[in-house]
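Visitor: Show me the folded form of this:
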Amino acid sequence: MTTGGTPKVSLQEISKTFQTRKKEKLIALDNITLDIQPGTFVSFLGPSGCGKSTLLRLIAGLETPTSGQVLIDGRTVSGPQGNVGMVFQSYSSFPWLTVRDNVGFGLNVNGSKINPGEKKEFVDRMLTLVGLQDFGNVYPATLSGGMKQRVALARTLALNPSLLLLDEPFGALDAQTRVILQDQLLDIWQSLDATICLVTHDIEEALLLSDLTCVFSGRPGKIKKIVRNPFPKPRDRSIQTQQDFLRNKTEIFELIKEDVYKAMRYKE
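Guide: Coordinates of the predicted model:
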């Protein structure tokens, strides 16, 4: 993680309001201000409906803020950008293409002049990076959920994004597969020169992977607290037994629980 200079992502007084079918206004995000330095791993964590995924879509240029502005590398975001990659929770592969062709798909449509030999070598490297080197010639329908998500991750990494946005990419996976992919993502990030923003509901996931964990309030979403990871890179799962990790986990749980209970009493 680097400090100083132009932030990779700058969120400046971001608010987002939606209109319901009954013409009522629903405030999803309220006055979010945050600078994310290049090479930083940041997690957005909070109760359901607090606007975490909406914020990620604003950064991706898939939504526009009601007020405030999003900047990437000092430039205002007005739509999707080629240096930004996004992986969603749902498995997003082309079923008629092999794993290899899925991973290399973006290289065919982004104007790259890479020759076939270089492309094969590059795709092979991406497959190895996500542990799918033996599955290049199979079709997504034959893969497990975790493997399909690795295909989506490899396809995004193949575009060499300087900013990687992950919207609960492991949320639909079983516990063991989730652990494997968390470790794999940690290894990948520590070998890349990329900034990562992750939306998650998993406190341990956020604290293991992230340099910064932004804890959101219930709707309208605001950043209640930013928790800095006291453990430097390279990190591994052994930090989960350390006192600082456990202390941060307890603090974040209490912050989120407070908003969940408030929401429950409001519904009553």
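
Visitor: which element is Leu71 on?
Guide: Per DSSP states H and E: Leu71 is located in strand 67-72.

Visitor: where's the helix or strand just after that strand relative to the chain centroid, distance-wise?
Guide: The C-terminal neighbour of strand 67-72 among helices and strands, as given by DSSP H and E, is strand 75-76. Computed by CA atoms, centre = their mean, to the nearest Å, the chain-centroid distance of strand 75-76 equals 20 Å.

Visitor: What strands line up against strand 75-76, and which way round?
Guide: strand 67-72 (antiparallel) (DSSP bridges).

Visitor: Give me the residues contacting the strand it pairs with.
Guide: The contact list for strand 67-72 (CB atoms under 8 Å, 6 or more residues apart in numbering) reads 7-15, 31-33, 58-59, 61, 76-77, 81, 83-84, 163. In this view, the C-beta of every residue, glycine as well, is placed from N, C-alpha and C.

Visitor: Give the buried residues for that strand.
Guide: 68, 70-72 (16 or more other CB atoms under 10 Å).

Visitor: next one: stretch 117-124
Guide: The neighbour-count check on stretch 117-124 (16+ other CB under 10 Å) flags 119, 122-123 as buried.

Visitor: One more: stretch 182-201?
Guide: Within stretch 182-201, the residues that qualify as buried are 182, 184-186, 188-189, 192, 194-200, counting by 16+ other CB under 10 Å.

Visitor: Tell me the one among the residues you listed nearest to Leu26.
Guide: Val199 (18.8 Å; CB to CB).

Visitor: quick one, what contacts the closest one?
Guide: Each residue near Val199 by CB under 8 Å, 6+ apart is listed here: 43-44, 52-53, 55-56, 166-168.

Visitor: what do you get if the cut-off is 7 Å, keeping everything else the same?
Guide: The contact partners of Val199, by CB atoms under 7 Å, 6 or more residues apart in numbering, come to 44, 52-53, 56, 166-168.

Visitor: Among these, name the ones in strands.
Guide: Within the contacts of Val199, residues falling in strands by DSSP state E are 44, 166-167.

Visitor: Now rank the residues you listed by neighbours and give me the top one.
Guide: Counting neighbours by other CB atoms under 10 Å, Phe44 leads the ones in strands among the contacts of Val199 with 29 neighbours.

Visitor: Quick check: bridge partners of it?
Guide: According to DSSP bridges, beta-bridge pairing links Phe44 with Val199, Cys214.

Visitor: now the helices: where do they sit in the stretch 1-150 of the chain?
Guide: 52-60, 99-103, 105-109, 116-129, 145-157 (DSSP state H, counting those that start in this stretch).

Visitor: Pipe those helices into CSV and attach distance to Gly39 per row.
Guide: CSV is the format used below for the helices of the stretch 1-150 of the chain (distance: least, CB to CB, whole Å):
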stretch, distance to Gly39
helix 52-60, 16
helix 99-103, 24
helix 105-109, 23
helix 116-129, 18
helix 145-157, 16
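
Visitor: Lowest average confidence across these, which one?
Guide: Between the helices of the stretch 1-150 of the chain, the one with the least mean pLDDT is helix 105-109; it has a mean of 70.

Visitor: quick one: Gly131 from Gln176, how far?
Guide: 14 Å (CB to CB, to the nearest Å).

Visitor: Which of those two has more residues huddled nearby?
Guide: Neighbours per residue (other CB under 10 Å) separate Gly131 from Gln176, with Gly131 holding more: 16 against 9.

Visitor: And the more buried one, how far from Lys120?
Guide: 18 Å.

Visitor: got the contact list for the residue nearest to Pro140 when sequence neighbours are not counted?
Guide: Closest residue to Pro140 apart from its sequence neighbours, by CB to CB, 6 or more residues apart in numbering: Ser93 at 4.1 Å. Contacts for Ser93 (CB under 7 Å, 6+ apart) come out as 102, 140, 148, 151-152.
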